[in-house]
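**Student:** what would the 3D arrangement of this be:
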Amino acid sequence: MSAEPDIRRQTLKYMAEWAMTTPGDTVLCALSGGADSAAMTDLLWRSRQELGLRLAAAHFIHGLRPEDAPAEEELVRQFCRLREIPLAVGRGDTRAFCRQNRCGLEEGARRLRYEFLRKTAQETGAGLIATAHHMEDNGETILLNLCRGAGLRGLGGIPPKRDGVIRPILTLTRAQIEKYLAENGISYSSDPSNQSEEFARNRLRKQVFPVLQSVNSQAAVHLCQAAQRARQDETYLEQAARELIEQHGGGRWILANALAQAPPSLALRAVQLLYAQGGGQGTLSDAHRRAVLALCDKGPSARLALPGGVEARRQYQQLIFGLTDQQQTEGAQTFAPQALEEGKPVWQNGWQVTLYRGPAPAGEQGQLFRFERLTPPVILRPRQPGDRVFQGGQNKSVKKWMIDQKIPAAQRDGLPLVCDGQGVALICGGIARDGQREGIPGWTLAVRRI
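**Tutor:** Take a look at the predicted model:
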């Protein structure tokens, strides 16, 4: 008897719980050709009509195993031809990238792969990227993060859905995946590096997990349950940190005394949020966050350099985050206007903007701005001379608002604005015009710093 019905039912239930897709979505499947990605892509393909999805696939060749790459690529091409799934293939030199960026092979390969996936998603019009992380992957990630001293965010493991990436098979075990492939006659490739204990993740898989399962056969399941609780707690605390910033600051600044007096669990999260608003990429270390908090007790002109060319500046009572003078000179460049289509995210200069008719789907992240009406066409564009925004009953100049917010001149032309037939509706990271309302909106803009 085929394992397909139970596994498909389990996968579809999990996708529905996390509102991973909506009818009409285009999903780009990260397809390495290995067991996990082959199973995930086949499951989505078999469920495409039920879910109302269009599928595409992307295969990235890292250049680490040139002797195996041609056979793996051909296997993937045959897999997609059989199912009539459009396929994009990319290539990279991971070792050269790691030397240039001073990172390990695993990190370099991941960064190159996701860069390719994001680019391919934009080119194919895919609003979602599906990756084939499964339950054991999640358990390994939780243990690795625990060993590194991670907080709740790290102990939350791999999120089911975040930043346009979905993980449909996160509740499946490797045994379930292998059984599904065998019973449905699906061929896949095996990466020899998965057996090498050179990598920490492999040592956990081969040495630690067997011990944990000898203590409790459901260890992986329970780790993932603990991770889900950690994610819930992290979501609550991060929202409280956002409210702290809104009450005592806004955008990329906060009153130093308010940050200093806040509980550490909120203050440290607020620092991360402010860092992102100031142009930072990635996650600050605990040492960097605590160094920022120390600025609150220093003089009115103290500064602290942070990763990515960002600095935290104490200016009298305010703590302000932004790019350094050098980075400001090299600041974000202007860009061509882009039309916003319903449900399709658009990325520009570190921002992701998605337009929805009515409310945003459950689980949508970032700031949600609800409008009673927007007048098409709705576009994302840089500022233009004479731009104004109606907010708080006042007609404000966008230029003056940027000056008041102390946005460096070199960055102003790169800050995206959402505009419709009535003018400026929203400044990313800033204000929205009057017309927002509670209850069921006519339109929603989901805005996220990425």
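**Student:** determine the longest helix present in this structure.
**Tutor:** Secondary structure of the chain read by DSSP state H shows that its longest helix is helix 219-248.
**Student:** which helices and strands sit right next to that one?
**Tutor:** Judged by 3 or more Cβ pairs under 8 Å, 6 or more residues apart in numbering; DSSP states H and E, helix 219-248 is in contact with helix 135-147, helix 152-155, helix 209-215, strand 253-255, helix 256-261, helix 264-277. For every residue, glycine as well, the C-beta is placed using N, CA and C.
**Student:** give me the distance from that helix to the chain's centre.
**Tutor:** 16 Å (Cα atoms, centre = their mean, to the nearest Å).
**Student:** what does stretch 28-35 give?
**Tutor:** Relative to the centre of its chain, stretch 28-35 is centred 19 Å away, using Cα atoms, centre = their mean.
**Student:** in that stretch, what's buried?
**Tutor:** Buried residues in stretch 28-35, counting neighbours by 16 or more other Cβ atoms under 10 Å, are found at Leu28, Cys29, Ala30, Leu31, Ser32, Gly33, Gly34, Ala35.
**Student:** what residues does the nearest residue to the fourth one once chain neighbours are set aside make contact with?
**Tutor:** By that I understand Leu31. Closest residue in space to Leu31, ignoring its immediate chain neighbours: Ala57 at 4.3 Å, by Cβ to Cβ, 6 or more residues apart in numbering. Going by Cβ atoms under 8 Å, 6 or more residues apart in numbering, Ala57 touches Leu28, Cys29, Ala30, Leu31, Thr41, Val76, Cys80, Ile85, Pro86, Leu87, Ala88.
**Student:** with respect to Leu181, which of these is nearest?
**Tutor:** Taking Cβ to Cβ as the measure, Leu181 lies nearest Thr41 of those, at 11.3 Å.
**Student:** my guess is Leu306 contacts Ser285. True?
**Tutor:** No. Using Cβ atoms under 8 Å, Leu306 makes no contact with Ser285, being 9.8 Å away.
**Student:** could you list which of the contacts of Ala57 belong to strands?
**Tutor:** Leu28, Cys29, Ala30, Leu87, Ala88 (DSSP state E).
**Student:** kindly reformat those residues as JSON lines containing distance to Val310 and pLDDT.
**Tutor:** What follows is the ones in strands among the contacts of Ala57, written out as JSON lines (distance: Cβ to Cβ, whole Å; pLDDT from 0 to 100):
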{"residue": "Leu28", "distance to Val310": "30", "pLDDT": "97"}
{"residue": "Cys29", "distance to Val310": "34", "pLDDT": "97"}
{"residue": "Ala30", "distance to Val310": "30", "pLDDT": "96"}
{"residue": "Leu87", "distance to Val310": "38", "pLDDT": "97"}
{"residue": "Ala88", "distance to Val310": "33", "pLDDT": "96"}
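**Student:** of the residues you listed, which pair is most distant in space?
**Tutor:** Pairwise distances among the ones in strands among the contacts of Ala57 were taken by Cβ to Cβ; the largest, 11.7 Å, belongs to Ala30 and Leu87.
**Student:** report the buried residues of stretch 312-324.
**Tutor:** For stretch 312-324, burial by neighbour count (16+ other Cβ under 10 Å) applies to Ala312, Arg313, Arg314, Leu319, Ile320, Phe321, Gly322, Leu323, Thr324.
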